[in-house]
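Enquirer: predicted model, plus sequence, below.
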Amino acid sequence: MLTCAFLAFTAQGAFAQDAGAEPADCPVAEFTMGLRYQQQSAEVRALQLQAYNIATERLNSAVEGAEDPSKLAVVTDLDETVIDNTPLLARDLGNCHMYDAWDTWLPWERDGKPTLIPGAKEFLDHADSLGVTIRYVSDRSDEQKEHTIATLTELGLPQVGPESVLLLGPPKVERRDIVSADHQIVLLIGDTLHDFDGRFRKTPLEDQKATVAEEAAKWGAEWIVLPNASYGPWSEAPLTAWDAEPVIEEW
């Protein structure tokens, strides 16, 4: 059997090549490059800032035409949208623990120290200054709501409280309906597609792609999506390869 080299995350926080390990010994190692991109790349920071710059422009336009900005609402996800949880994922990867099993997540909610996604606080503070209502809709544990509220408060985010933080229980579409009962939702912000529409929840990837295309006009207008290369329903999708025979040429 051929031995395949892969990149493993060491306890010191550096990525090192382990040429003697097999992927079967550490299946989460396949996420290494995506996690490195999410946590370390300048490109992800640029995309995050770009998303929040667009969100700011769209919100300003909505407020200009509103009689009462408090009746407008911004609904945002939390994880990998407002707060960065990649240190937890990196630690689990370093321990060869499959982090998208989410069995290490509850302790992280209680004791972890996420940082802010670039541009998130500035945008939310701006929305608050305009008098716009903010609702945080996340699939974090509702039983640990006090810990999430404490984390968001420590990070200095605006309008944080029991009524504004809507955690896992009903599907996100139902929690958004709670917001829209007495507010006009002008922006949805998230990193996964069910942050925007119930049609994306637990549906085949090809159907999700079709819905993305059908709703092309909403991206960057009503729906602002943040990049997340760390995890998602796409993670087990097969790659599409060029079917030509490989030709190796030096530049």
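Expert: Nice, thanks for sending it over.

Enquirer: nearest residue to residue 70 other than its sequence neighbours?
Expert: residue 131 (5.1 Å; C-beta to C-beta, 6 or more residues apart in numbering). C-beta here means a position set from N, CA and C on the backbone, and glycine is covered the same way.

Enquirer: to clarify, my last question referred to residue 148.
Expert: That would be residue 140: by C-beta to C-beta, 6+ apart, it lies 5.1 Å from residue 148.

Enquirer: let's verify that neighbour: helix, strand, or coil?
Expert: On the three-state scheme (DSSP: H, G, I helix; E, B strand; the rest coil), residue 140 is labelled strand.

Enquirer: can you show me the helices along this structure?
Expert: Using DSSP state H, the helices found in the chain span residues 32-40, 42-64, 86-94, 105-111, 120-129, 145-154, 172-180, 205-214.

Enquirer: what does the longest one contact?
Expert: Under the criterion C-beta atoms under 8 Å, 6 or more residues apart in numbering, residues 37-38, 69, 72, 74, 117-120, 122-123, 126-127, 130, 132, 186-187, 189, 220-222, 224-227, 229 lie in contact with helix 42-64.

Enquirer: mean confidence for stretch 88-99?
Expert: On average, the pLDDT along stretch 88-99 is 97.

Enquirer: my error: substitute stretch 167-185 in the last question.
Expert: On average, the pLDDT along stretch 167-185 is 97.

Enquirer: and the contacts of that stretch?
Expert: With C-beta under 8 Å, 6+ apart as the test, stretch 167-185 has contacts from 71-75, 133, 135, 137-142, 145, 148, 166, 188, 194-195, 197-198, 201.

Enquirer: pull out the buried members of the residues you listed.
Expert: 72-75, 133, 135, 137-141, 145, 148, 166, 188, 194-195, 197 (16 or more other C-beta atoms under 10 Å).
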